[in-house]
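**Student:** generate coordinates for the sequence data below:
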Amino acid sequence: MRLVYLVAFVVFTIFCIVVAVANRTVVAFSFHPLPFVIDLPLYLVLFAGIFIGLGAGVVAGVAKSLKHARHTREQTRKIRDLENQLKASVPPEVL
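**Tutor:** Below you'll find the model as predicted:
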């Protein structure tokens, strides 16, 4: 499995190098209503977009996992409370 990760990393790195070399053209990057204009190589704009998207995906995934963990804790607490309630309602000679 480690070999698969290494191969994927090498392929991704080569792809990033090829994209960076092929897109060295300088473009004007601006936020339209604001008066700021920055001249950047196109590959930086592309990579920034990719990394912002990846970051947003990570944040969404963490938020969903936290929501799932909270729901699991609540369900575990309900089960424990119901088990304790059942034990309290059953006479000791039945157990």
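**Student:** residue ranges with poor pLDDT in the protein?
**Tutor:** Across the chain, the ranges flagged by pLDDT under 70 are 94-95.
**Student:** so the residue positioned nearest the centre of the chain: helix, strand or coil?
**Tutor:** The centroid of the chain falls nearest to residue 58 when counting by C-alpha atoms, centre = their mean (1.4 Å). Following DSSP: H, G, I helix; E, B strand; the rest coil, the label given to residue 58 is helix.
**Student:** now swap in residue 24 and tell me
**Tutor:** coil.
**Student:** could you report the neighbour count for it?
**Tutor:** Neighbourhood size, residue 24 [other C-beta atoms under 10 Å]: 10. In short, each C-beta sits where N, CA and C put it, glycine included.
**Student:** distance of it relative to residue 57?
**Tutor:** 28 Å (C-beta to C-beta, to the nearest Å).
**Student:** could you do residue 85 as well?
**Tutor:** 42 Å.
**Student:** now the strands: where do they sit in the protein?
**Tutor:** Along the chain, counting by DSSP state E, strands occupy 26-30, 37-41.
**Student:** can I get the CA coordinates of the last one in CSV?
**Tutor:** Output for strand 37-41, consisting of C-alpha atoms alone and laid out as CSV, is shown next (Å, rounded to 0.1, in the frame of the first residue of the first chain):
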residue,chain,number,x,y,z
VAL,A,37,-4.9,44.1,-9.1
ILE,A,38,-2.0,41.6,-8.7
ASP,A,39,0.0,40.2,-11.5
LEU,A,40,0.6,36.4,-10.9
PRO,A,41,1.6,33.5,-13.0
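**Student:** begin at 20 from here
**Tutor:** That works, and once the first residue is 20, the last one we named lands at strand 56-60.
**Student:** would you give the sheet partners of that strand, along with the direction of each?
**Tutor:** Using DSSP bridges, strand 56-60 pairs in its sheet with strand 45-49 (antiparallel).
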